[in-house]
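K.L.:
sharing a sequence plus its predicted fold:
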Amino acid sequence: MRPNVLYPDGGTGPIGRRTLEVTVDPFRTAIRDPRFGFIAYVPPGSIARGESLVKSGASGKTVACALCHGWALEGFGEGPRLAGLQPLYLARQLFDMRSGSSAGKAAALMTRAVTNLSDDDIIEISSYLGSRPPP
């Protein structure tokens, strides 16, 4: 059985509002090596728009992430690290918190930050945070 791999002549298409994460090394993915990475392809312009949302809170649309997650987004107190995490993981967490399907003290603290976010806002925030270097 051949592992799923991307071939250079596989074609292209517009990314639209999607985020695609692709392994850097299919073999290391297959053996579940934790010391390798993925490449995330995100919608054009989403990193810059996400940076604005993360840093400023967009004039009350959300809350600046640094208040709870630290200025470098590497975690602060009970606020977990955000920098360098996979965009799809971050987006899933934000969608779950916004919908109320994520429970617990930490999710309750995020209610104000996620309530007014659109789907595009979440994609942009997760794109920016995923582009930051991990600590």
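P.N.:
That came through fine.
K.L.:
break down the chain into its strands, ranges please.
P.N.:
With DSSP state E as the criterion, the chain has strands at 20-23, 38-41.
K.L.:
the ones you listed: which one's closest to residue 81?
P.N.:
Of all the strands of the chain, it is strand 38-41 that lies closest to residue 81, at 16.8 Å by C-beta to C-beta. All C-beta spots, glycine's among them, are computed from the backbone N, C-alpha and C.
K.L.:
tell me where the model's unsure across this structure.
P.N.:
Within the chain, the stretches with pLDDT under 70 are 1-9, 11.
K.L.:
hang on, the earlier thing: let's have the strands of the chain in JSON lines, adding distance to residue 75.
P.N.:
Listed next are the strands of the chain as JSON lines, based on distance: least, C-beta to C-beta, whole Å:
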{"stretch": "strand 20-23", "distance to residue 75": "22"}
{"stretch": "strand 38-41", "distance to residue 75": "21"}
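K.L.:
mind putting the ones you listed into a markdown table with mean neighbour count and distance to residue 110?
P.N.:
Shown next, in a markdown table, are those (neighbours: other C-beta atoms under 10 Å; distance: least, C-beta to C-beta, whole Å):
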| stretch | mean neighbour count | distance to residue 110 |
| --- | --- | --- |
| strand 20-23 | 14 | 23 |
| strand 38-41 | 13 | 22 |
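K.L.:
look up phi and psi at the closest residue in space to residue 96 that isn't next to it in sequence.
P.N.:
Excluding the flanking residues, the one nearest residue 96 by C-beta to C-beta, 6 or more residues apart in numbering is residue 102, at 4.0 Å. Main-chain dihedrals, residue 102, degrees, to the nearest 10: phi -100, psi 120.
K.L.:
burial of the nearest residue to residue 116 once chain neighbours are set aside, as a residue count?
P.N.:
Leaving aside its chain neighbours, residue 116 sits nearest to residue 61 (5.2 Å; criterion: C-beta to C-beta, 6+ apart). Neighbourhood size, residue 61 [other C-beta atoms under 10 Å]: 14.
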